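K.L.:
curious how this folds, go ahead:
(2 chains)
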Amino acid sequence: MALQPAEPHEPPAPAPIDRRAAVVGLVMLAFLAMLAVGLVVLVLRDNAGGIGGTAGATPGPSSFAYADVGPAPALELKDQDGNPFSLASLRGQPVMVFFGYTHCPDVCPATIGNVNQVLLTTGEGPRAVFVSIDPERDDVAAMNQYLRYLPKAYVGLSGTPADIRRTADAWGVKYARIDTGAASGYAMAHTADVFLVDAQGMLRAHFPFGTKAEPIAAAVEALMAETPAGTAGPGTATLPTAAPGTATPEPTPGTATPEPTPGATTPASVAGGLTPLLISSSIWAGGASPVILRITDAMGAGLDGSVPIRVRLVGADGAAASPEVAATAVRPEGSKTVSFVPVLDIPTPGPWRLDVLAADGRSGSAQIQALDPGSTAPLGKPAPAVDTPTLADVGGVVRAVTTQPAPDLRFSQTSTADSLAAGKPYVLVVDSSQFRVSPACGRALMMTRYLLDRWPDVTFIHLEPFVYQVITEEPVLSGPITDPPLNQYSRAFGIGPAPWPAVSMPWIFVVDGQGIMRAKYTGIIGSADVDVIVSLITGNGVIGS
Amino acid sequence: MLARAAASILSLFLVLSVAACGSAASNTTQPAGGFVTIGGAWARAAQSGGTSAAYMTITNGTLSDDTLTGVSTPAAASASLHETMAGASGMTGMQPVDGIRIPAGGTVTLEPGGYHVMLEGLTGDLVAGQVVRLTLTFKGAGSIEVSAEVRAS
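P.N.:
Here you go, the predicted model:
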């Protein structure tokens, strides 16, 4: 993928050097003076806020700016008229870039509403690029239809699944399909930041979902007011950069995931004709971590599992960090796509490269981010020997085992110890509908309820993570919601100590019939994740076995 | 038969008159000791066949908890309760919810980036200024009809 370096534009009519220097100097002096009295910070913070107050206090635009400014990653996809698009074609004006999908009822329209408001504030000039991360439903025609009702400043991009995944990876954007079992189809979870690219094609700032239009408009106007390239370096007076470490605001508690810096991400190399697409939503350092991949060939077609695939882990220094391991090809029943699952021992948390090698000589690679497992139950080792409470254990008091409003009691019939004794794999869903310590709470339970019907030979167990009492049918937490007390069972799985405090809920642990921990997930979890792992450990859907 | 028809016409009239006299177009129903009130309902403009969302503020003035369990509307093939949330993986997504609990004496707001009514398969364009009729079903308060104004965002 060709990353376009910023070509400094020749200023059309350069002002006399000394006058321009004086202006820049004055602006900087004024800025420093305001900084001294804390005015800038106060004004910037006043402009920020969450959508409808849901996101809580959001930092001002200064902390949205990247400390390290680099060329924006490529967007080499098809526009809404079916023509090849390149971000370079929008040089000369600031561009807001965001990722979403046209079937998105809430998040993407909210983002579009904000972007429209920015465009109203700034007037003509700035452009907006909407990149679909739903290649299954959003083709050129769908984007064209969707854009008819949006301002002329918009471009709508779509592409093949491989192109979209490669583009999203380069921007540090994650997405996962969320099947809910509803007739309506599926939803997509995705990174919903608005990225800001300047007139020279440099990635300058990003705004997490929930940021109001005002700070985005202020940043766009600051970029519009910048003198053409060649005078001052990017990131000077008009768009103050944040101190290192604050460039990535955390919109929710429990976001301990190291977020990749889009500007610094190296696109996956596709030298050998294969493109691995990363499906796993949690990949762990220090243990036997399954990594779910889908692999497409040069024509964009998915590999069907007939050619054996081996995978090796490569560090930042280019040295192989693991021997080659065979990837298991899995196609869960009813699924159209084949997943490849190498189980890797990743030495340390952070970025790694995966080289994918096919037996017929083709190859490809992908970037992954390994999470720090902290003290959570290690992968590849026996699962903690705990006996989770069942409905029978608590005398049939439903609220004592689940706080879900209309619970599916199949989640509360069998304990972890019972399942192990029966030699049955189990999926432990550590989640709470009532004690919502993070916005993702309750969702793991909703998702696995659909999987429960798919896998009758697997035990699904719901574990409430916290200590609470049931007072006249009402669950009451035995401590503050901001620091909820974890019960012995969730603590046995290692949740609590940094970097995974109580507010990192929900979690899912997948344990095989021999009692070995095979996979674990935190936060928003794609439904393919658990489905593929269960398919793998039950052998039901493994190709060539 | 006739009496039943008359009763349903009368109840329709009552609902409409409540809607007409509340300045914030609030609709209410009273199971015991107070009212469940819906205010500020709106839906986002979208194209026929597409997807949209409706938002509102629900206040439970009764003495017992209630749960919003479902929504129906002639404006869409399917209407369901969803919640948008962000997770540790850095993604923002949404999931269906079985119900939205409205505590006794409490208020819950359905708003962008949080709880919303997802409207799928719109039966016609939702154009700003139009009104969409929604029927909300509560465990305690039963059915409440509400008019949601279509807005651009």
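
K.L.:
so which other helices or strands are in contact with whichever strand or helix holds A:Ala110?
P.N.:
Using DSSP states H and E, the element containing A:Ala110 is helix A:107-122. In this structure, helix A:107-122 packs against strand A:95-100, strand A:127-132, strand A:194-197, helix A:213-225, strand B:92-96, with contacts taken as 3 or more C-beta pairs under 8 Å, 6 or more residues apart in numbering or on different chains; DSSP states H and E. All C-beta spots, glycine's among them, are computed from the backbone N, C-alpha and C.

K.L.:
give the other helices and strands that the longest one contacts.
P.N.:
In other words, helix A:213-225. Using 3+ C-beta pairs under 8 Å, 6+ apart: helix A:213-225 touches helix A:39-47, helix A:107-122, strand A:194-197, strand A:202-207.

K.L.:
dump the ones you listed to a markdown table, plus mean neighbour count.
P.N.:
Formatted as a markdown table, these follow (neighbours: other C-beta atoms under 10 Å in any protein chain shown):
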| stretch | mean neighbour count |
| --- | --- |
| helix A:39-47 | 15 |
| helix A:107-122 | 22 |
| strand A:194-197 | 26 |
| strand A:202-207 | 26 |
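
K.L.:
want to throw these into a markdown table with mean pLDDT?
P.N.:
As requested, the helices and strands packed on helix A:213-225 are arranged in a markdown table below (pLDDT from 0 to 100):
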| stretch | mean pLDDT |
| --- | --- |
| helix A:39-47 | 30 |
| helix A:107-122 | 90 |
| strand A:194-197 | 95 |
| strand A:202-207 | 90 |
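
K.L.:
so which of these comes closest to A:Val398?
P.N.:
Closest to A:Val398 of those, according to C-beta to C-beta: helix A:107-122, at 33.2 Å.

K.L.:
tell me what the residue lying closest to A:Gly272 once chain neighbours are set aside is bridged to.
P.N.:
Nearest residue to A:Gly272 in three dimensions, chain neighbours excluded: A:Ser363, at 3.1 Å (C-beta to C-beta, 6 or more residues apart in numbering or on different chains). Note on A:Ser363: beta-bridge partners by DSSP bridges are A:Gly273, A:Leu357.

K.L.:
re earlier: next one: the helix holding A:Ala110 to chain centre, how far?
P.N.:
Put simply, helix A:107-122 sits 22 Å off its chain's centre (C-alpha atoms, centre = their mean, to the nearest Å).

K.L.:
hey, C-alpha coordinates of it in PDB?
P.N.:
C-alpha atoms of helix A:107-122 as PDB (Å, rounded to 0.1, in the frame of the first residue of the first chain):
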ATOM      1  CA  VAL A 107     -23.900   5.600  16.300                       C
ATOM      2  CA  CYS A 108     -23.100   6.500  12.700                       C
ATOM      3  CA  PRO A 109     -26.100   8.900  12.300                       C
ATOM      4  CA  ALA A 110     -25.000  10.600  15.500                       C
ATOM      5  CA  THR A 111     -21.500  10.900  14.000                       C
ATOM      6  CA  ILE A 112     -22.900  12.200  10.700                       C
ATOM      7  CA  GLY A 113     -25.100  14.700  12.600                       C
ATOM      8  CA  ASN A 114     -21.900  16.000  14.300                       C
ATOM      9  CA  VAL A 115     -20.000  16.100  11.100                       C
ATOM     10  CA  ASN A 116     -22.900  18.000   9.400                       C
ATOM     11  CA  GLN A 117     -22.900  20.500  12.200                       C
ATOM     12  CA  VAL A 118     -19.100  21.000  11.700                       C
ATOM     13  CA  LEU A 119     -19.700  21.600   8.000                       C
ATOM     14  CA  LEU A 120     -22.400  24.100   8.800                       C
ATOM     15  CA  THR A 121     -20.000  25.900  11.100                       C
ATOM     16  CA  THR A 122     -17.100  26.000   8.800                       C
END
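
K.L.:
before we move on, the earlier item: between the helices and strands packed on helix A:213-225, which gets nearest to A:Pro456?
P.N.:
Each of the helices and strands packed on helix A:213-225 has some distance to A:Pro456 by C-beta to C-beta; the shortest is helix A:107-122, at 34.1 Å.

K.L.:
for chain B, what is the nearest residue in the stretch 1-150 of chain A?
P.N.:
A:Gly113 (2.9 Å; C-beta to the nearest C-beta).

K.L.:
what's that residue in contact with, if anything?
P.N.:
Contacts for A:Gly113 were tallied using C-beta atoms under 8 Å, 6 or more residues apart in numbering or on different chains; they are A:Ala213, B:Pro112, B:Ala152, B:Ser153.

K.L.:
closest to the centroid, which residue in chain B?
P.N.:
With distances taken as C-alpha atoms, centre = their mean, B:Leu136 lies nearest the centre of chain B, 5.0 Å away.

K.L.:
once you drop chain neighbours, what's closest to that residue?
P.N.:
Once flanking residues are discounted, B:Leu136 sits nearest to B:Ile144: 4.9 Å by C-beta to C-beta, 6+ apart.

K.L.:
which helix or strand contains the one you found?
P.N.:
Per DSSP H and E: strand B:142-151 holds B:Ile144.

K.L.:
circling back: would you turn the helices and strands packed on helix A:213-225 into JSON lines with distance to A:Val356?
P.N.:
As requested, the helices and strands packed on helix A:213-225 are exported to JSON lines (distance: least, C-beta to C-beta, whole Å):
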{"stretch": "helix A:39-47", "distance to A:Val356": "45"}
{"stretch": "helix A:107-122", "distance to A:Val356": "32"}
{"stretch": "strand A:194-197", "distance to A:Val356": "28"}
{"stretch": "strand A:202-207", "distance to A:Val356": "28"}
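
K.L.:
where along chain B do the strands fall?
P.N.:
Along chain B, counting by DSSP state E, strands occupy B:27-29, B:36-44, B:51-60, B:66-72, B:76-86, B:92-96, B:100-102, B:107-110, B:115-122, B:131-138, B:142-151.

K.L.:
quick one: closest of those to A:Asp169.
P.N.:
A:Asp169 sits nearest to strand B:92-96 of all these, at 17.7 Å, using C-beta to C-beta.

K.L.:
wait, does the closest one make contact with chain A?
P.N.:
Yes: residues of strand B:92-96 contacting chain A under C-beta under 8 Å from any C-beta of the partner chain: B:Thr92, B:Gly93, B:Met94, B:Gln95, B:Pro96.
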